[in-house]
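Peer 1: Provided below for reference: sequence and predicted model.
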Amino acid sequence: LIPLQWVLPKNHAEIYKTLVANIPGGLTVTTGAPLTTVMEILTRPESKETIVHFVNFDRKNPTAAFPMRLKKQNTPVRSVLCFSPERDQPERLTFTDSGQYTNVTVPAIRTYSMIVVAT
C-alpha cells in the first residue's frame, strides 16, 4: 500500500542540521520554498551564470514569494532574472549581496520558474 502523502520523519529538523553541519563550505543554496517545491541548480562557468530551476508540485496552490540565498561564483553579481511560462517577459529581480552570498526573493510560482544569476 502506497501512502497518499509522504510524511516527514519526526526528527527531520535534526537530520537537516546534522547534514548541513557536515558539508564542507556550507550549502550552495538555501530557500524558504514550501516542501511541495523542488529545486535544481546548474552553474555555467563559461557564461558566468548560475541557474536555479524551481518546480511546484502542488497543482492547487501556487507558492507565496520566498527568500533564496545563493553562494556566488567568484565575481560580483550583475543581474538576477526570473523566467517562467506564467509570464510573458523575464522579470528583473532585486538582489543584495552579503559576503559570499546573493540574497533574492523568488516570486510566487504556480508551476515552474527559472532564476538566472549573471556575474
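Peer 2: That came through, no problem. Being a predicted model, the structure only gives us computed values, none of them experimental.
Peer 1: wait, is residue 13 part of a strand?
Peer 2: No - using DSSP: H, G, I helix; E, B strand; the rest coil, the assignment for residue 13 is helix, not a strand.
Peer 1: number of nearby residues for it?
Peer 2: Residues near residue 13, counting by other Cβ atoms under 10 Å, number 10. To be clear about C-beta, it is placed using only N, CA and C from the backbone, and glycine gets the same treatment.
Peer 1: Give me the pLDDT value at it.
Peer 2: Listed pLDDT for residue 13 reads 88.
Peer 1: distance of it from residue 47?
Peer 2: 37 Å (Cβ to Cβ, to the nearest Å).
Peer 1: Also residue 72?
Peer 2: 15 Å.
Peer 1: ok, the two, which is more surrounded?
Peer 2: Remark: of residue 72 and residue 47, residue 72 carries more neighbours, 17 against 11, as counted by other Cβ under 10 Å.
Peer 1: residues in contact with the more buried one?
Peer 2: 97, 100-102, 117, 119 (Cβ atoms under 8 Å, 6 or more residues apart in numbering).
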